[in-house]
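Novice: what shape does this take:
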Amino acid sequence: MFDTLTGKKKLSELFGGKSQLIVYHFMFGQDYGDQGCKSCSFLADNFERSVIHLLQRDTNLVFVSRNDPEKLEAFKKRMKWTTEWVSSLNNNFNFDFHVTTKPDEVSEYNYKEIKSSGKENQLPGLSVFYKDEEGNIFHTYSCYGRELETFVGTYRLLDVVPKGRDESALSYGMEWVKHHDKY
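Specialist: You can find the predicted model right below:
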């Protein structure tokens, strides 16, 4: 069960009447203050304009984070997103898909063992589900880490300009990214 501003929702309800569901595991834990991860926000900006097209192809997209629905909704409103965003704060969904680790726990992320740093650790990911005519739900795909870049249209555009992503002087690739309302 996921928490929303309008009550609880089952995974089956996140499909929104479609047979395919894309879930973006958005890093926005309770220790993030009032805004989600800037890199996850960059991906969300790229996803946002695709939702209308996905819906035409029997596919829904939702964001899932381990935070209070009120905080998720406030940040969503600030960023002017329309994508549904639900909370997994009161379930094990993020742990099941290895995008959240418990404090001081060794877990697997992107096929590597990682140890949490004494607190709940949030990591990005994308998972896909299919619901058949009988209502059975199947997990069909997940990706993590750098593989998520394949879903960022902005990177594809930067990859065709002479300077490319121009990240060689940065301490990490997405260092230049900001929330879109902070440029």
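Novice: mind saving the C-alpha coords of the helix or strand in which E73 is found as PDB?
Specialist: Here E73, judged by DSSP states H and E, is contained in helix 69-79. Provided in PDB are the C-alpha atoms of helix 69-79 (Å, rounded to 0.1, in the frame of the first residue of the first chain):
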ATOM      1  CA  PRO A  69       2.800  12.700   0.700                       C
ATOM      2  CA  GLU A  70       2.500  16.300   1.800                       C
ATOM      3  CA  LYS A  71       6.200  17.000   1.200                       C
ATOM      4  CA  LEU A  72       6.100  15.100  -2.200                       C
ATOM      5  CA  GLU A  73       3.100  17.200  -3.300                       C
ATOM      6  CA  ALA A  74       4.600  20.500  -2.200                       C
ATOM      7  CA  PHE A  75       7.800  19.800  -4.200                       C
ATOM      8  CA  LYS A  76       5.800  18.500  -7.200                       C
ATOM      9  CA  LYS A  77       3.800  21.800  -7.200                       C
ATOM     10  CA  ARG A  78       7.000  23.900  -6.900                       C
ATOM     11  CA  MET A  79       8.500  22.000  -9.900                       C
END
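Novice: and the helix or strand following it, what does it pack against?
Specialist: Per DSSP H and E, the first helix or strand lying C-terminal to helix 69-79 is strand 84-87. On a contact count with 3 or more CB pairs under 8 Å, 6 or more residues apart in numbering; DSSP states H and E, strand 84-87 meets strand 2-4, strand 59-65, helix 69-79. (Each C-beta comes from the backbone N, C-alpha and C, glycine too.)
Novice: what's the closest non-adjacent residue to I137?
Specialist: Using CB to CB, 6 or more residues apart in numbering and skipping residues adjacent in sequence, the residue nearest I137 is K131, 5.1 Å away.
Novice: one more: Y32?
Specialist: N67 (7.1 Å).
Novice: out of the helices and strands packed on strand 84-87, flag the one nearest Y111.
Specialist: With CB to CB as the criterion, Y111 lies closest to strand 59-65 of the helices and strands packed on strand 84-87, at 21.1 Å.
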